[in-house]
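Chemist: Structure, please.
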Amino acid sequence: MNIPKVSVIVLIYKVEKYIERCARSLFCQTMQDIEYVFVNDCTPDCSIQILQSVIDEYPQRKSGIKIISHEKNMGSGVARNTGLQVASGKYVIYCDSDDWVDPEMYETLYMKAREDDADIVMCDYYEEKQGKRIRCSQNPFRHKGDIVEQMLIGKLHSCVWGALVRKGLYEDNHIQFPVEVSMWEDLCTSVRLHCFAHRVSYVEEAFYHYVQYNVGSLVHTVSLRSVNDRIYVCDVMMDFFEKQELYKKYIVPINCVMLRAKMDFIFCDSLRDFNQWRKVFPVSNKFIWKVPFPFRVKLVLKAVEKRNDYLALMYIDLKSRCLSLRNGRVINNEK
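Modeler: Numbers count the residues shown, from 1 in each chain. Next up is the predicted model:
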């Protein structure tokens, strides 16, 4: 049986506007020995029909395509695990179905992995905004601190679509995505993978196009559910670091993540609950001055911690006024 060099795992759920572009970019890859695993998480729209019509245009790719369908919607964590279980490639990578990739991406990353005998190969990516494209560096060697620390404090994106990973790294260390959550499952998984990786390589090219204008995407959703998902993921990572005896090594970065996880209890108008903020991860409040947040944000957090809620609201209002003023200037300059 021929083992594919790379398996690309794609989740399908409510992406009928984007799946055609994504699929075409995947099937146009320069790499030939590649497997595509599409996981249909019980999407209620026409995404699968559109995907099937695109597949029909690429008969040379059909033998390397798998479509797995859930009988009911299980969420992104379960869907990612389903794809990982089915994938047979030596290396695996994910692709979000509202994004797209350049033709050379997977061949270039695979060749780098073979050249360096790397467990993980990272690359740059583009943020695609309305009428604007921004290149984002993922060079893990240009910052202070190791890769895990950089991901925890937000210097590096923890995306699983931006890194080719040896499948054995998942299997040998029993790493799966957390289930029943739809936020930060990438962070939780990428951090654990990098803790076990023996060698990480980097390609200084941007291949991946990360769409930021899909307002229906989960990453743009702010809700109590999304905050609770982040809190749950923090608990999972905390448990992992303690079992691996790594908590002391990453004590500041992990508490930075905890502060980020509960931030919406302060800065989101519809979720504002200062008492709840103080209740969740209270130990992390000791690290407010040590984490790499803007000074104004630290002032607000410290005011809430000290139960000076009135002062915190004044800081929040001032921050909002400054942001509105700055945005107004930008808009006026664009006219």
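
Chemist: show me the residues around residue 285 that make contact.
Modeler: Residues counted as contacts of residue 285 (CB atoms under 8 Å, 6 or more residues apart in numbering) are 259, 278, 301, 305. For glycine as for every other residue, the C-beta is placed from the backbone atoms N, C-alpha and C.

Chemist: Am I right that the last one is in contact with residue 288?
Modeler: Yes: applying CB atoms under 8 Å as the test, residue 305 and residue 288 come out as touching, 6.7 Å apart.

Chemist: which parts of stretch 59-68 are buried?
Modeler: Applying a neighbour-count criterion of 16 or more other CB atoms under 10 Å, the buried positions in stretch 59-68 are 61, 64-65, 67-68.

Chemist: count of neighbours near residue 173?
Modeler: Around residue 173 sit 12 other residues, with neighbours defined as other CB atoms under 10 Å.

Chemist: how about the closest residue in space to it that isn't next to it in sequence, what does it touch?
Modeler: Of all residues not flanking residue 173 in the chain, residue 196 sits nearest, at 4.7 Å (CB to CB, 6 or more residues apart in numbering). Each residue near residue 196 by CB under 8 Å, 6+ apart is listed here: 119, 169, 172-173, 175.

Chemist: give me phi/psi at residue 196?
Modeler: phi -100, psi -10 (degrees, to the nearest 10).

Chemist: any idea how far residue 3 is from it?
Modeler: Residue 196 sits 22 Å away from residue 3, taking CB to CB, to the nearest Å as the criterion.

Chemist: my read is residue 7 is in a helix, agree?
Modeler: No: checked against DSSP: H, G, I helix; E, B strand; the rest coil, residue 7 lies outside a helix; its state is strand.

Chemist: Quick one: residues contacting it.
Modeler: For residue 7, the contact set (CB under 8 Å, 6+ apart) comprises 34-37, 87-89, 91-93, 167.

Chemist: What about these, which are in strands?
Modeler: When DSSP state E is applied, those are split such that 34-37, 91-93 fall in strands.

Chemist: name the helices or strands packed onto the longest strand that the chain contains?
Modeler: Among the segments of the chain that qualify as a strand by DSSP E, the longest is strand 200-211. Counting contacts by 3 or more CB pairs under 8 Å, 6 or more residues apart in numbering; DSSP states H and E, strand 200-211 is packed against strand 91-96, strand 100-101, helix 105-116, strand 120-129, strand 132-136.

Chemist: what angle do the third one and strand 91-96 make?
Modeler: It refers to helix 105-116. Counting by axes from the mean of the first three to the mean of the last three CA atoms, to 10 degrees, helix 105-116 points 150 degrees away from the direction of strand 91-96.
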